[in-house]
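S.K.: Need the 3D shape of this:
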Amino acid sequence: MTIRIDPERNEMSLLKQAGSWRGRNVIEIGCGDGRLTLRIARLGAGLIDALDPNADLIRTARKNLPAGLGKRVQYKVGSAEKLNHPSNSFDIAVFSWVL
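M.R.: Okay, the predicted model is just below:
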């Protein structure tokens, strides 16, 4: 059985309504396999730092990253409790589907 997540594209609609993504630096905490990360990139986000504590999911996300996004998207093993970024590094923080 194939699982289709958000076939109505409600996520994209809500992300678009949230504001302008074009050229914005984004941190995504709890990116999982990178599904939402790729949607954020398609909205024109500048640089995206996507982290998840699960190394297997990060490996999957890296494997599925289109070559054209390699300079804009970085997947890292990490957690919200230990962010190693200077203050004001990001314009937008995404924390979705994590709990």
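
S.K.: okay, and for the chain, where does confidence drop off?
M.R.: For the chain, the stretches with pLDDT under 70 are 1-8, 97, 99.

S.K.: That one: helices as residue ranges?
M.R.: Along the chain, counting by DSSP state H, helices occupy 10-18, 35-42, 55-63.

S.K.: Rebuild the ones you listed as TSV, extending it with distance to I27 and mean neighbour count.
M.R.: C-betas here are computed from N, CA, C, even on glycine. Shown next, in TSV, are the helices of the chain (distance: least, Cβ to Cβ, whole Å; neighbours: other Cβ atoms under 10 Å):
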stretch	distance to I27	mean neighbour count
helix 10-18	15	12
helix 35-42	10	19
helix 55-63	15	15
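
S.K.: Kindly reformat the ones you listed as TSV containing distance to L83.
M.R.: Formatted as TSV, the helices of the chain follow (distance: least, Cβ to Cβ, whole Å):
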stretch	distance to L83
helix 10-18	21
helix 35-42	16
helix 55-63	16
